[in-house]
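[1] sequence first, then the predicted structure:
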Protein chains: 2
Amino acid sequence: MNELRIIPVPGVGNIAKGDDLVGVFIEATDAASISLLDTDLVIITSKVVSKSEGQVVAFDGSEEHKVRLVEQEAKRVLRRRGPLRITESHHGFVSANAGIDLSNADEGTAVLLPKDPDRSARRFRSELRRRRNVDVAVIITDTFGRVWRNGVTDIALGSAGILPILDLRGTRDANGRQLEATEVAIADEIAGAANLVLGKAKGTPFAIVRGLDPSYFGDGSISEHMVRSPFDDLFR
Amino acid sequence: MNELRIIPVPGVGNIAKGDDLVGVFIEATDAASISLLDTDLVIITSKVVSKSEGQVVAFDGSEEHKVRLVEQEAKRVLRRRGPLRITESHHGFVSANAGIDLSNADEGTAVLLPKDPDRSARRFRSELRRRRNVDVAVIITDTFGRVWRNGVTDIALGSAGILPILDLRGTRDANGRQLEATEVAIADEIAGAANLVLGKAKGTPFAIVRGLDPSYFGDGSISEHMVRSPFDDLFR
């Protein structure tokens, strides 16, 4: 059994609209003497993806403006309490405040979610392959709350080259019995693991995850495989 | 910035009631030539904790018996669909089927959750300190589903020596702005990370997490800090 390593990529500055994220990543890994492997996975926090793609809006800092932005951006508001909105985004993500982020945004602005995080992940992956001839997987992460547990965790917003869900159905345990609850959301576990080295305050948007089981790599997208369809949802 | 390493501990056999879990762990780490550090965190899957503590009941394998066990074990049933029950446990954990597990149980049995996972974690920690003079943190993990996303992830059921929630409120971002959404459920992120190397089918109940930020260590318990009080919950 191999160990898993999560390696933060230091030395990345502020990102603005139009910035070449793949170029920034290559420069930072080169500066840190990190050589990429085909079995690596690259973590990118969604904030820098949104900023490079121009998913940024003017924001005057007031509670009223925030609520207005959230209600504009959300496809559906599931719950309201004071200024808090639990929303479903146009991607199908259920989160607080339509995923709009005011931290690490530039003064007078708020950062929206990327338009299509799976596509952003696929593009980053293929562009990195083109420039560096390395076939990494990619996960774009964001920070979401949970219904029944305190605190937030990072989850996978978009992915490329990694199975969002590892399907162990049909696998047998040590006693030969069929496993239960065997669709493991490995993309979310990887996203959360990376947040342990990235943190929120350290300003590092990239990490490398090295040593993932080879069976974890494959096709799939977060929008298609991870987002629960309303039909399956007992709590919407 | 340091990298994080997640190291599976191989070579652990089946666990039965009364087994000395700390002894089993020490033997396995010695056999694998893993030297523990004071800054390490030990992951233990709840299954072996439950089994060693005798939290095992007779189970005839039928759907009816399963539902009966679940309804007995649950403090409250939140939703029913077919044989599926979404329940609140006496600890306050919301999960499918009261956390009762039929996989990796011995024939004719089902495994309940540990009675007090935080206490089990504290005992493991202090007993390991006594025998090996090493001051590790401990997280006991289990596998839970989520409301709005497919697949299951491992979460922290009990902990000792690690902050369940890292409170970054008051921290400022690179632009000097106060961070939002800054209570990070690091214990759950650590639990999920460990599941990436443990898997469900590999029969390894222990992993070592090495390289956690020193600020993550401290007092707290899952029952006190991670379980959301019904008052705060918009969806119960």
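    Arrived safely. Numbering: from 1, shown residues only, chains lettered A, B, ... in the order given.

[2] what's the domain layout of chain A?
    A:5-55+A:114-227, A:56-111 (automatic domain parsing).

[3] okay, buried residues for stretch A:11-26 please.
    For stretch A:11-26, the neighbour count (16 or more other Cβ atoms under 10 Å in any protein chain shown) marks A:12, A:15, A:21-22, A:24-26 as buried. All C-beta spots, glycine's among them, are computed from the backbone N, C-alpha and C.

[4] how about the helices in chain A?
    For chain A, helices defined by DSSP state H occupy the ranges A:21-31, A:46-52, A:63-73, A:117-132, A:186-198, A:222-225.

[5] possible to save the ones you listed as JSON lines with distance to residue B:93?
    Formatted as JSON lines, the helices of chain A follow (distance: least, Cβ to Cβ, whole Å):
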{"stretch": "helix A:21-31", "distance to residue B:93": "39"}
{"stretch": "helix A:46-52", "distance to residue B:93": "29"}
{"stretch": "helix A:63-73", "distance to residue B:93": "30"}
{"stretch": "helix A:117-132", "distance to residue B:93": "30"}
{"stretch": "helix A:186-198", "distance to residue B:93": "18"}
{"stretch": "helix A:222-225", "distance to residue B:93": "26"}
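
[6] which among the ones you listed is found nearest to chain B?
    Smallest distance to chain B across the helices of chain A (Cβ to the nearest Cβ): 3.4 Å, for helix A:186-198.

[7] the closest one close to chain B?
    Yes - using Cβ under 8 Å from any Cβ of the partner chain, helix A:186-198 comes into contact with chain B via A:186, A:188-190, A:192-193, A:195-197.

[8] ok, now stretch A:139-149?
    Yes - contact of stretch A:139-149 with chain B (Cβ under 8 Å from any Cβ) involves A:143, A:145-149.

[9] also stretch A:64-80?
    Yes - residues of stretch A:64-80 contacting chain B under Cβ under 8 Å from any Cβ: residue A:79.

[10] just how off-centre is that stretch within its chain?
    21 Å (Cα atoms, centre = their mean, to the nearest Å).

[11] list the buried residues of that stretch.
    A:66-67, A:69-70, A:73-74, A:78.

[12] quick check: bridge partners of the spatially most central residue of chain A?
    What sits nearest the mean C-alpha location of chain A, by Cα atoms, centre = their mean, is residue A:141, with 1.6 Å. Residue A:141 has these beta-bridge partners by DSSP bridges: residue A:45, residue A:156.

[13] isn't it up against residue A:152?
    No - counting by Cβ atoms under 8 Å, residue A:141 sits too far from residue A:152 to count as a contact (11.5 Å).

[14] would you convert the buried residues of stretch A:64-80 into JSON lines that also reports distance to residue B:41 and pLDDT?
    As requested, these are exported to JSON lines (distance: Cβ to Cβ, whole Å; pLDDT from 0 to 100):
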{"residue": "A:66", "distance to residue B:41": "37", "pLDDT": "92"}
{"residue": "A:67", "distance to residue B:41": "40", "pLDDT": "93"}
{"residue": "A:69", "distance to residue B:41": "39", "pLDDT": "95"}
{"residue": "A:70", "distance to residue B:41": "37", "pLDDT": "95"}
{"residue": "A:73", "distance to residue B:41": "38", "pLDDT": "95"}
{"residue": "A:74", "distance to residue B:41": "38", "pLDDT": "95"}
{"residue": "A:78", "distance to residue B:41": "35", "pLDDT": "91"}
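
[15] make CSV out of the residues you listed and add distance to residue A:135.
    CSV is the format used below for the buried residues of stretch A:64-80 (distance: Cβ to Cβ, whole Å):
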residue, distance to residue A:135
A:66, 41
A:67, 44
A:69, 38
A:70, 38
A:73, 34
A:74, 36
A:78, 39
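
[16] can you tell me which of the residues you listed is nearest residue A:33?
    Nearest to residue A:33, judged by Cβ to Cβ, of the buried residues of stretch A:64-80 is residue A:73 at 40.4 Å.

[17] do I have it right that the closest one meets residue A:112?
    Yes - look at residue A:73 against residue A:112 with Cβ under 8 Å: they come within range, at 6.1 Å.

[18] need the residues touching each of those two.
    Common contact partners of residue A:73 and residue A:112 (Cβ atoms under 8 Å, 6 or more residues apart in numbering or on different chains): A:98-100.

[19] gap between residue A:227 and residue A:116?
    13 Å (Cβ to Cβ, to the nearest Å).

[20] ok, residue A:234 to chain B distance?
    Distance, residue A:234 to chain B, by Cβ to the nearest Cβ, to the nearest Å: 5 Å.

[21] excluding its backbone neighbours, what's nearest that residue?
    Setting aside the residues directly before and after it, residue A:234 is nearest to residue B:79 in space (Cβ to Cβ, 6 or more residues apart in numbering or on different chains), at 4.6 Å.

[22] who are the neighbours in contact with the residue nearest to the centre of chain A?
    Here residue A:141 is in contact with A:43-46, A:154-157, A:191, A:194-195 (Cβ under 8 Å, 6+ apart).

[23] hmm, back to that, highest average neighbour count across the helices of chain A?
    Stretch with highest mean neighbour count among the helices of chain A: helix A:186-198 (a mean of 27; mean count of other Cβ atoms under 10 Å in any protein chain shown).

[24] that helix to helix B:186-198, inter-axis angle?
    Helix A:186-198 runs at 120 degrees relative to helix B:186-198, counting by axes from the mean of the first three to the mean of the last three Cα atoms, to 10 degrees.

[25] mean confidence for helix A:186-198?
    Averaging pLDDT along helix A:186-198 yields 97.

[26] name the helices or strands packed onto that helix?
    Packing partners of helix A:186-198 (3 or more Cβ pairs under 8 Å, 6 or more residues apart in numbering or on different chains; DSSP states H and E): strand A:4-8, strand A:41-45, strand A:137-145, strand A:152-160, strand A:206-210, strand B:4-8, strand B:152-160, helix B:186-198.

[27] relative orientation of the first one and strand B:4-8 in degrees?
    Taking the same axes, to 10 degrees, one finds strand A:4-8 and strand B:4-8 inclined to each other by 180 degrees.

[28] for the fifth one, same thing?
    Our comparison of strand A:206-210 with strand B:4-8, counting by the same axes, to 10 degrees, yields an angle of 20 degrees.

[29] so does strand A:206-210 get close to chain B?
    No - using Cβ under 8 Å from any Cβ, strand A:206-210 stays clear of chain B, coming no nearer than 8.6 Å.

[30] rewinding a little: pLDDT and distance to chain B added to the buried residues of stretch A:11-26, as a markdown table?
    A markdown table is the format used below for the buried residues of stretch A:11-26 (pLDDT from 0 to 100; distance: Cβ to the nearest Cβ, whole Å):
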| residue | pLDDT | distance to chain B |
| --- | --- | --- |
| A:12 | 90 | 11 |
| A:15 | 93 | 11 |
| A:21 | 97 | 17 |
| A:22 | 98 | 21 |
| A:24 | 97 | 15 |
| A:25 | 97 | 16 |
| A:26 | 97 | 19 |
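
[31] pick out the most distant pair among those residues.
    A:15 and A:26 (14.2 Å).

[32] quick one, what contacts residue A:217?
    Counting by Cβ under 8 Å, 6+ apart, residue A:217 makes contact with A:39, A:137, A:161-163.

[33] bridged to it, which residues?
    residue A:162.
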